[in-house]
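Asker: Dropping a prediction and its sequence here:
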Amino acid sequence: MKIISLLGLFFLPVVCFSAELYSLTLDEAISRGIEQSQSLKKNALDLEIAALRANNLWSQVFPGISVGGGLNYGDTLFSDGSTENPLRLSASVNLSLQLNTGIPAAMRNIKLAYTTQLLTYETAERQLELQITKTFFNLMAEQENLALLEEGRRLADAQYSKNEVGFRNGFIGELALLRSQLSAESAKLVLTRAASVHAANMGQFLTLLGIDQGAPVELAGTMDIREADLDADYLIREYLQKRPDIVNQRQRIQSLEDSSRQTSLSSRAPTLNLSAGWSANWTSNFADTLSGGVSLSIPVDSWIPGSKTYQTVKAAVAEVEKARLDLEDLENTGMHEIRSLTANIRNSWGSMQTAALQVRIAERTYELTEEGFRQGTIEFLDLETTRKEMIDAKQQLLIEELSYKNFILDLAAALNMDWIELLQAGEG
């Protein structure tokens, strides 16, 4: 397909003469979109916090430390004064540590939370890439459609010019001339409206990429339409378990299992409490105290059926089972989506071939009708009908190509792979 810059042609004549036209590739658009995405920046901050927690697991067994100090004044009011210094200075240091068998599960949960957040970031990035890619190709299709409309306008203008000559020479009537004039004006109007819509869509896209809406930009590249012979069973076998939603659900199950284990151990296993402290007082005589303690607490209520703690433990186990059922549903949904999209791609390719054949027929029909009109054997209305049918056929082919491309992109997203790799897999 040709690279077209109808934005500058219709709406930026002054800018285009004063500024150099910038060629924007798909890769650059994706890079700019990722840099400008506020949502991705927020996800990156969440990922940074999750990484901080995962890299400091030692904090789960780090003792609580507190340091205190004070200055007090105490003396008699009515009785004889004390010989001791009324100012008393004190200081203390306390350490406490609580150990139970649920700590390892808590550590695993923290590491899993980081992995989950990383997957969330990567998924959001890939979805943004898909959105930008689809918009990029949609805009390219709009530009190609503008080229088709421009072709139709040019043919209508050329026919009107010929009819003017024919009318002056007495070969055609006034009605045919007026109809050709109306056809030319209608083609201009349709083109202008389509160009306005395209300019608005392009401006919105450039804003998403952090580019000024008034910048003279052309989209470089093609939609790369090629047949992909894809085997749904192979794709399911190789890529189903790599889908972000399924990976995320497996991680959720693991997280719920760790949480359930942590809840059970924390509420049923003994807890060891260690404490140590040191305090000192400075009065007339220095005095300090060093203390330490060890205690073991064994919960009982969690073993009693029907108790609140017992219910909490059972509820945690039930959540794990529910998550496993959700995973089965996701796998079934994923398989159906892959099979459906694969079938859509195959059917879309067939529709595209039919549309291409229709274009060839419409082009040949227009050529023959135009020749008949010149010879006076065909009415102008018939010529105008075949011209519109030819443009319509080309537009329908463009629609089929864009639909095929979108199916490819949707399947690539469903498989969590790059669409170019998917096309290469289809060729193999």
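Answerer: Great, that's in hand.
Asker: Apart from its chain neighbours, what residue comes closest to Trp339?
Answerer: Just so we're on the same page, residue 339 is Arg rather than Trp. The shortest distance from Arg339 to any non-neighbouring residue, by Cβ to Cβ, 6 or more residues apart in numbering, is to Ala232 (4.6 Å). All C-beta spots, glycine's among them, are computed from the backbone N, C-alpha and C.
Asker: Is there a neighbour count for that neighbour? I'd like the number.
Answerer: 17 (other Cβ atoms under 10 Å).
Asker: do you know how far it is from Thr342?
Answerer: Distance, Ala232 to Thr342, by Cβ to Cβ, to the nearest Å: 4 Å.
Asker: Same check on Ser59?
Answerer: 48 Å.
Asker: and what of Phe205?
Answerer: According to Cβ to Cβ, Phe205 and Thr342 sit 29 Å apart.
Asker: so who does Asn273 touch?
Answerer: Going by Cβ atoms under 8 Å, 6 or more residues apart in numbering, Asn273 touches Ser96, Leu97, Gln98, Leu99, Gly293, Val294, Ser295, Leu296, Ser297.
Asker: so the nearest residue to Ala393 once chain neighbours are set aside is in which element?
Answerer: The shortest distance from Ala393 to any non-neighbouring residue, by Cβ to Cβ, 6+ apart, is to Ala362 (4.0 Å). Assigned by DSSP states H and E, Ala362 belongs to helix 308-375.
Asker: do Glu218 as well
Answerer: Element membership for Glu218, per DSSP H and E: strand 217-219.
Asker: pretty sure Gln395 is touching Glu144, no?
Answerer: No. With contact defined as Cβ atoms under 8 Å, Gln395 does not count as touching Glu144 (9.2 Å).
Asker: Next, count neighbours for Glu174.
Answerer: When neighbours are counted by other Cβ under 10 Å, Glu174 registers 8.
Asker: Give me the next element, helix or strand, following the helix or strand encompassing Arg108.
Answerer: Assessed by DSSP H and E, Arg108 sits inside helix 103-168. Per DSSP H and E, helix 103-168 leads on to helix 174-208 as the next helix or strand towards the C-terminus.
Asker: Does anything pack onto that next one? Which helices or strands?
Answerer: helix 6-11, helix 103-168, helix 380-415 (3 or more Cβ pairs under 8 Å, 6 or more residues apart in numbering; DSSP states H and E).
Asker: right, and those - which one's nearest Leu219?
Answerer: Nearest of the helices and strands packed on helix 174-208 to Leu219, taken as Cβ to Cβ: helix 103-168 at 5.3 Å.
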